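> Let's see this in three dimensions:
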Amino acid sequence: MATSNTTTATRNNVVVNPQSATANTATADSKPKTQRVLETRDQWSAIFAHTVALLAAAVKGEALPDDPRKGYAFGKPQVEPHSRQYAQSLLAGFASKKAGKVFTQHEVLADQAKREEIAIAILLKTKLAKASSGAENPETAARRILSKAEAKQGRSLAEALLAALGEAKQTELQVEATPKGVEAKPKKSAKKAK
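As a prediction, the model looks like this:
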């Protein structure tokens, strides 16, 4: 069967009209396109830094700010859909066993139950733990989120927290510029003077 642009052809028992196919794509193109996710490294680092600040305040026993969620500077969920999950994942990483290996010398943070308690308190205060149903207890929702979230950056978060608490291991600076037994090379100006 011969086809042309003005006639209708039958293919696989389906009637195909080439003119209507192009008309449908034209209307589909006129619909608004979805926006691309624009989360940047700066936004990720702001979330990381604010999480460290909240954890440091909680460990020191200080009260959290009145609006601790404000420091995260979350954008619209349509533009930055992963930022809230990232904050939840950081708190899960704080409560993880990997973070516990860094906190072995710390009296409060060495206990995993205590770390989970701190993470749940921050989840509740920042309202990052939403109940899936109206009957669910907020603390139960926080525990569920903490257990389901992928634990991210537990070790680096723990090291940043220790640095914020002022308990990071201090590395000794090298006093000598050259190793022992090796003579320092004379400078060019000293060679010319000879």
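> Show me the helices in the protein, by range?
Secondary structure of the chain, counting by DSSP state H: helices at 18-29, 41-60, 83-94, 97-102, 112-125, 138-148, 154-165, 188-193.
> could those helices go into a markdown table alongside mean neighbour count, mean pLDDT and distance to residue 69?
From N, CA and C alone the C-beta is placed, and that goes for glycine too. As requested, the helices of the chain are exported to a markdown table (neighbours: other Cβ atoms under 10 Å; pLDDT from 0 to 100; distance: least, Cβ to Cβ, whole Å):
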| stretch | mean neighbour count | mean pLDDT | distance to residue 69 |
| --- | --- | --- | --- |
| helix 18-29 | 10 | 54 | 39 |
| helix 41-60 | 17 | 92 | 9 |
| helix 83-94 | 23 | 92 | 9 |
| helix 97-102 | 16 | 89 | 22 |
| helix 112-125 | 18 | 93 | 8 |
| helix 138-148 | 16 | 89 | 14 |
| helix 154-165 | 19 | 92 | 18 |
| helix 188-193 | 8 | 59 | 60 |
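> right, and these - which one's nearest residue 67?
When these are compared by Cβ to Cβ, helix 112-125 sits nearest residue 67, at 9.5 Å.
> And the contacts of the closest one?
51, 54-55, 58-59, 64, 68, 88, 91-92, 94-95, 97, 99-100, 103, 108-109, 128-129, 138-139, 142-143, 145-146 (Cβ atoms under 8 Å, 6 or more residues apart in numbering).
> Next, residue 65: phi, psi?
Backbone torsions for residue 65, taken as degrees, to the nearest 10, come to phi -60, psi 160.
> got it, and residue 96?
Dihedral angles for residue 96 - degrees, to the nearest 10 - are phi -80, psi 170.
> Hmm, it is touching residue 152, no?
No: in this structure, residue 96 is not within contact of residue 152 by Cβ atoms under 8 Å, at 9.1 Å.
> re the thing from before, as CSV, the helices of the chain with distance to residue 73 would be great.
CSV is the format used below for these (distance: least, Cβ to Cβ, whole Å):
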stretch, distance to residue 73
helix 18-29, 35
helix 41-60, 6
helix 83-94, 9
helix 97-102, 24
helix 112-125, 16
helix 138-148, 21
helix 154-165, 18
helix 188-193, 54
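> Leaving out the residues flanking it, which one is nearest to residue 51?
Among residues not flanking residue 51 along the chain, residue 90 sits closest, at 4.7 Å (Cβ to Cβ, 6 or more residues apart in numbering).
> Spit out the contact partners of residue 164.
Counting by Cβ under 8 Å, 6+ apart, residue 164 makes contact with 52, 53, 55, 56.
> again, only using 10 Å
With contact taken as Cβ atoms under 10 Å, 6 or more residues apart in numbering, residue 164 is in contact with 49, 52, 53, 55, 56, 57, 59, 60.
> before we move on, what about residue 96?
For residue 96, the contacting residues are 112, 115-116, 119, 146, 149-155, 157-158, taking Cβ under 10 Å, 6+ apart as the criterion.
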